[in-house]
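[1] pasting the sequence and the predicted coordinates here, then a few questions.
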Amino acid sequence: MHRALLRVFFSASALAAMVAAGAAETEGRPPHDPRAQDVVHGAPAEPSETWTIAAGGRIYDNRWEALDRPEPTTTNPAYPKTAKQTGAATWRCKECHGWDYKRKDGIYREGSHYAAIEGIDGAIGRPVEQIEAILRDANHPYTRAMIRDEEMRRVALFVSKGQVDMSR
């Protein structure tokens, strides 16, 4: 199942990149062909668990690209003051928790992305509702305008069931 999820995630990401690459840049980000709106940013009427996990992974990577929302212009107030990143990057889940999900114990254990934050790998298998509550706490200052509840549920499902061993 993990390989299938990765294929879905990377296929969706590749499609989004191909659609965006063919268009002129507007407002600092490349638009996609209007015919691709539903593919890039839409949701099926009855999303499968696999689709929901893949969509949550896209939000984890870059929420404004995945959700077709404005890119943040400020630094996330919850991002550690001792860390080196600033601006929009600090609003990406992967920036705080790592693209390998291990953060301070993984690939971001040193260098310009180090921030001494826990990874999310300890949340594998936790109830989605528990993860949703964590994602709405003071350490995660995402408003419902930034990430709607249904979209945050996708992230929580990804955290619970969608993580794969990135060291393989």
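    That came in fine, so what should we check first?

[2] outside of the helix or strand encompassing Glu65, which residues touch it?
    Assessed by DSSP states H and E, Glu65 sits inside helix 63-67. Identification of contacts with helix 63-67 by Cβ atoms under 8 Å, 6 or more residues apart in numbering yields 16, 29, 41, 55, 58-59, 69-72, 88, 91-93, 142, 146-147, 151. Just so you know, the C-beta spots here come from the backbone N, C-alpha and C atoms, and that holds for glycine as well.

[3] now a PyMOL select for only the buried ones of those residues.
    Buried members of the contacts of helix 63-67, defined by 16 or more other Cβ atoms under 10 Å, are picked up in PyMOL with:
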select buried, resi 16+41+55+58+59+72+88+91+92+93+142+146+147+151
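
[4] could you list which of the contacts of helix 63-67 belong to helices?
    Within the contacts of helix 63-67, residues falling in helices by DSSP state H are Ala16, His41, Ala55, Arg58, Ile59, Cys93, Glu151.

[5] what's the closest non-adjacent residue to the third one?
    What it means is Ala55. With Cβ to Cβ, 6 or more residues apart in numbering as the criterion, Ala55 has its nearest non-adjacent residue at 4.7 Å, and that residue is Arg154.

[6] give me the contacts around whichever helix or strand that neighbour is part of.
    Taking DSSP H and E as the criterion, Arg154 maps to helix 149-157. Residues from elsewhere that reach helix 149-157, judged by Cβ under 8 Å, 6+ apart: 49, 52-53, 55-56, 59-60, 67, 93, 128-129, 131-132, 135-136, 142, 147.

[7] buried among the residues you listed? Make that a ChimeraX selection.
    To isolate the buried ones among the contacts of helix 149-157 in ChimeraX, judged by 16+ other Cβ under 10 Å, type:
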select :52,53,55,56,59,60,67,93,128,131,132,135,136,142,147
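
[8] got a pLDDT number for Ala12?
    For Ala12, the model assigns a pLDDT of 51.

[9] please renumber so the chain begins at 536
    With the count now opening at 536, the last piece we talked about shows up as Ala547.
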